[in-house]
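**Student:** One predicted model, sequence on top.
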Amino acid sequence: MERETQRQLHSSLLDEECSSTYGIQNGGSSVTAAVVLSTFIAVCGSYVFGASVGYSSPAENGIRSDLGLSVAEYSIFGSILSIGAMLGAAMSGKIADVVGQRIAMGISEILCVIGWLAIFLSKDAWPLDLGRLLTGIGVGSLSYLVPVYIADVTPKNLRGGFANFHQFMITFGTAMTYVLGTVVSWRILALIVTIPCLVHLVGLFMIPESPRWLAKTGRHKEFEVTLQSLRGANSDISQEANQITDYTELLEQLPNAGILELFQRTYSRSLIVGVGLMLLQQLGGVSAISFYASSIFEAAGFSATIGTIIMAAVQIVMIILSVFLTDKSGRRALLMVSASGTCLGCLLVGLAFSLQDIHWCKAFAPILAFVGILVYSAFFGVGLAAIPWLLMSEIFPVNMKGSAGSLVSTVNWFTSWIVAYVFNFSMEWSSAGTFYVFAGIGSLTVIFVGKMVPETKRRTLEEIQAAMNPLAERR
């Protein structure tokens, strides 16, 4: 019964895909002002996410100087964002199921505003950490809610492009925070980040609720009115409305799968690929470099201001490039190129610190470290930044995606916390050794992707599932 329901569910998805591909008009083929506005308001949350990740780098010197924090105390501040995000990501799905995505995003932004104000007003370590924790809970929720909301309100043939805007705004938020942090104090920077939070909060009153959530909760009249407003007053929404309704009804027939059910042999390859990519993404050093870029440049003897501004510009350019490359070049190839580039970047930084340690080519070492960080940022942005999350939506069966999403998000944020907390101590142990370890992880990532990760480009859900979970197909 479960297998038959899944086949009907996949068939429903394929019917919708064919309607879009072959030009069957379902009211979802054009951009409307409502879709653009809804996406713009939603990605204000993505900007806040990126700003929160980027904040600890330019703020480090000011906070440690003004509040007298030790390396250990600042490591707690920098890394506790990941703990909060892990909690927020775990709770957000259930909250959104009950109150809807708009209200859930509003709750997340309220937590972010309270957190940023606590940081702004902090006089010692504990309110600083509490503010960072609350901000983490907020952005962890937004990391789930924003892309889901965008996918729900946009027509299928435009969904990919609009969804990429989420990742772009995360990168843009990080980059802008790096730049602003070079010209304003850490307190003012915290206050500035509340502005997109407030824009998001106010904007939520101007955009509709997710039509799919309305259909799921049985509010059919409101569902049809909302879908009509998103597709345009003159659009025929009957086919799309029927597809959403049928899909929702079929989805409800599938059993609720818990996280423990993921650990069956049936889903072993999907689980290894999903968890493995998240572990390798974080163990490769992205959180360390994002959270502490300024201190890395300073330790290498390069200008933190110049380094962070140029790094921010490179990140923006490369995330735009990745939008065009993902579907043209394929996920697997881009991941291998991306991991190879991050390995090279970390090797260059490690070599720069090694040259400093032996007091050789000291004038050249800072430039080499700067180039290494740029190489890392460029190659990470073109593949490892977004593709692991894209693959998560493709390699797990439909009825397992909720549990799988919770598990891989928890693994990602928990590993991020470990790396962000340990990084400052490992730099005191050996700056060169730290980046050689990151380079080693990068090389392992290339091998892992080559051996385990399938190419999902231009493959149907059935084809992906047959390749990833052959035992499930035989049941």
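**Tutor:** Okay, I see it.
**Student:** any idea where the helices of the stretch 51-200 of the chain begin and end?
**Tutor:** In the stretch 51-200 of the chain, the helices defined using DSSP state H, counting those that start in this stretch lie at 71-99, 101-121, 125-153, 156-180, 186-203.
**Student:** Considering those helices, which stretch scores lowest in mean pLDDT?
**Tutor:** If the helices of the stretch 51-200 of the chain are sorted by mean pLDDT, helix 156-180 sits at the bottom with a mean of 83.
**Student:** Next, the angle helix 186-203 makes with that one.
**Tutor:** 160 degrees (axes from the mean of the first three to the mean of the last three CA atoms, to 10 degrees).
**Student:** okay, the angle between helix 156-180 and helix 125-153?
**Tutor:** 160 degrees.
**Student:** helices and strands around helix 156-180, which ones?
**Tutor:** Judged by 3 or more CB pairs under 8 Å, 6 or more residues apart in numbering; DSSP states H and E, helix 156-180 is in contact with helix 2-21, helix 33-67, helix 125-153, helix 186-203, helix 304-329. For every residue, glycine as well, the C-beta is placed using N, CA and C.
**Student:** how close does Q253 get to A241?
**Tutor:** 19 Å (CB to CB, to the nearest Å).
**Student:** Run through the residues that contact the residue positioned nearest the centre of the chain.
**Tutor:** The residue lying closest to the centre of the chain (CA atoms, centre = their mean) is S143, at 5.9 Å. Remark: with contacts taken as CB atoms under 8 Å, 6 or more residues apart in numbering, S143 is in contact with F49, A85, G88, A89, S409.
**Student:** Next, count neighbours for the first one.
**Tutor:** Close neighbours of F49, defined as other CB atoms under 10 Å, add up to 27.
**Student:** go on, the second one?
**Tutor:** Look at A85: counted by other CB under 10 Å, it has 31 neighbours.
**Student:** hang on, the earlier thing: next, format the helices and strands packed on helix 156-180 as a markdown table and append distance to K362.
**Tutor:** Listed next are the helices and strands packed on helix 156-180 as a markdown table, based on distance: least, CB to CB, whole Å:
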| stretch | distance to K362 |
| --- | --- |
| helix 2-21 | 58 |
| helix 33-67 | 23 |
| helix 125-153 | 36 |
| helix 186-203 | 31 |
| helix 304-329 | 17 |
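**Student:** between those, which gets nearest to T434?
**Tutor:** For T434, the closest of the helices and strands packed on helix 156-180 is helix 33-67, at 16.2 Å, according to CB to CB.
**Student:** buried stuff in that closest one?
**Tutor:** Neighbour counts over helix 33-67 (16 or more other CB atoms under 10 Å) mark 34-35, 37-39, 41-64, 67 as buried.
**Student:** if I look at V225, how far off is G106?
**Tutor:** In terms of CB to CB, V225 sits 21 Å off from G106.
**Student:** Oh, that last question was meant for G136, not what I typed.
**Tutor:** 18 Å.
**Student:** Ok, L87 next?
**Tutor:** Distance, L87 to G106, using CB to CB: 18 Å.
**Student:** and if you look at A33?
**Tutor:** Distance from A33 to G106, by CB to CB: 22 Å.
**Student:** Next: A175.
**Tutor:** For A175, the distance to G106 equals 26 Å [CB to CB].
**Student:** swap in F291?
**Tutor:** From F291 to G106 the distance is 27 Å (CB to CB).
**Student:** ok, so of the contacts of S143, who is nearest G203?
**Tutor:** F49 (15.8 Å).
**Student:** Can you give me the pLDDT of that closest one?
**Tutor:** 95.
**Student:** quick one: which of G136 and G106 has more around it?
**Tutor:** Per other CB under 10 Å, whichever of G136 and G106 has more neighbours is G136, with 28 against 16.
**Student:** That one reaches S52, doesn't it?
**Tutor:** Yes. G136 is within contact range of S52, at 7.2 Å (criterion: CB atoms under 8 Å).
**Student:** Please enumerate the shared neighbours of these two.
**Tutor:** Counting by CB under 8 Å, 6+ apart, the residues touching both G136 and S52 are L81.
**Student:** Figure out how far stretch 385-400 is from the centre of its chain.
**Tutor:** 12 Å (CA atoms, centre = their mean, to the nearest Å).
**Student:** what's the answer for stretch 413-429, then?
**Tutor:** Distance of stretch 413-429 from the chain centroid (CA atoms, centre = their mean) equals 19 Å.
**Student:** Next, the buried residues of it.
**Tutor:** Quick answer for stretch 413-429 (16+ other CB under 10 Å): W413, F414, T415, S416, W417, V419, A420, Y421, F423, N424, S426, M427.
**Student:** And for stretch 364-372?
**Tutor:** Buried, per 16+ other CB under 10 Å, within stretch 364-372: A365, P366, L368, A369, F370, G372.
**Student:** which residues are contacting whichever helix or strand the second one is part of?
**Tutor:** Read it as P366. Taking DSSP states H and E as the definition, P366 sits inside helix 365-379. Outside helix 365-379, the residues within contact range by CB under 8 Å, 6+ apart are 285, 289, 293, 296-297, 300-302, 307, 310-311, 314-315, 317-318, 337-342, 344-353, 355-356, 435.
**Student:** what residues are up against the closest residue to D124 other than its chain neighbours?
**Tutor:** Counting by CB to CB, 6 or more residues apart in numbering, the nearest residue to D124 once its immediate chain neighbours are dropped is L67, at 6.1 Å. For L67, the contacting residues are S122, K123, D124, A125, L128, by CB under 8 Å, 6+ apart.
**Student:** Please name the nearest non-neighbouring residue to the last one.
**Tutor:** Closest residue in space to L128, ignoring its immediate chain neighbours: S122 at 4.1 Å, by CB to CB, 6+ apart.
**Student:** thought that neighbour was touching G131?
**Tutor:** Yes. Counting by CB under 8 Å, S122 does reach G131; the two are 6.6 Å apart.
**Student:** returning to what we had before: looking at Q253 and A241, which is more packed in?
**Tutor:** A241 (20 against 14).
**Student:** how near is the nearest residue in space to S38 that is not next to it in sequence to F168?
**Tutor:** Distances taken as CB to CB, 6+ apart put I207 closest to S38, at 4.4 Å, once the chain neighbours are dropped. The spacing between I207 and F168, counted by CB to CB, is 19 Å.
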